[in-house]
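Chemist: next input, structure requested:
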Amino acid sequence: MVDVGGLGGAEWGPVGSGPGIPSEAAPPGAERERVWCGAMFVGVHERQLDDKGRLALPSTFRDFLDQRCYLVAGDDRCVNVFSKESFEFTARDVADRVRRGELPMRRQRAIAHSATPVTIDKQGRVTLGDDLRTYARLVLGSKVMVAGNIDWAEVWSLEHYERIAAEGRGVMAGGAE
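Modeler: Below is the predicted model of the structure:
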């Protein structure tokens, strides 16, 4: 992949794949392995969801997304924002795990059915569709939190984010997981 030593827009990806190298280049049946190649979504950014469902992504996150990305229903009622490459890798990984019996088919369907490819506009915005907004309980015109989760970003309603963040801080402080 690109720029192994820095933060030049590369990200986690399967060994033997990357820009211009199809993942099919790996031998059939080979385990996909993630190797670190630079992208890291970290930090928390408060944003406003406009009346048309558009959300301005933080500029530090846009550096890893190019012009296209995927919006997907995430765990705990958030919307995950994946780079194209990261989503494709994750989707293949989920499909492989379903074939091996490690995940139920309903998990693969939930990801595939909710995934929406979007283009980032010139103002750095993506539009969250009605289904994803309803799933994540995002209200038009409301404040939302855009939080990094290492390999992807997450979009949360402000209230839900505060609860999830408090639970995480409790675990970090030695509470039960």
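Chemist: skipping adjacent residues, who's closest to residue 41 in space?
Modeler: Excluding the flanking residues, the one nearest residue 41 by Cβ to Cβ, 6 or more residues apart in numbering is residue 148, at 3.5 Å. Heads up, the C-betas are built off the backbone N, CA and C, glycines and all.
Chemist: mind listing what that neighbour touches?
Modeler: Residue 148 sits next to 40-44, 61, 154 when contact means Cβ atoms under 8 Å, 6 or more residues apart in numbering.
Chemist: do residue 165 as well
Modeler: For residue 165, the contact set (Cβ under 8 Å, 6+ apart) comprises 44, 147.
Chemist: ok so it is a strand residue?
Modeler: No: read with DSSP: H, G, I helix; E, B strand; the rest coil, residue 165 is helix and lies in no strand.
Chemist: helix, strand or coil: sort out the residue lying closest to residue 79 once chain neighbours are set aside for me.
Modeler: Among residues not flanking residue 79 along the chain, residue 155 sits closest, at 4.2 Å (Cβ to Cβ, 6+ apart). In three-state terms, and counting by three-state DSSP, residue 155 is strand.
Chemist: please begin residue numbering at 863 from this point
Modeler: From this message on, residue numbering opens at 863, which makes the last subject residue 1017.
Chemist: how many other residues sit next to residue 1017?
Modeler: For residue 1017, the neighbour count with other Cβ atoms under 10 Å is 25.
Chemist: next one: residue 1034
Modeler: Residue 1034 has 8 nearby residues by other Cβ under 10 Å.
Chemist: just residue 938 next, same as before
Modeler: Neighbour tally, residue 938, other Cβ under 10 Å: 12.
Chemist: low pLDDT regions in this protein?
Modeler: Counting by pLDDT under 70, the chain shows low-confidence ranges at 863-901, 1037-1039.
Chemist: run the last query once more with 90
Modeler: The chain contains residues with pLDDT under 90 at 863-902, 925-928, 1012-1013, 1026-1039.
Chemist: nothing else from me, thank you.
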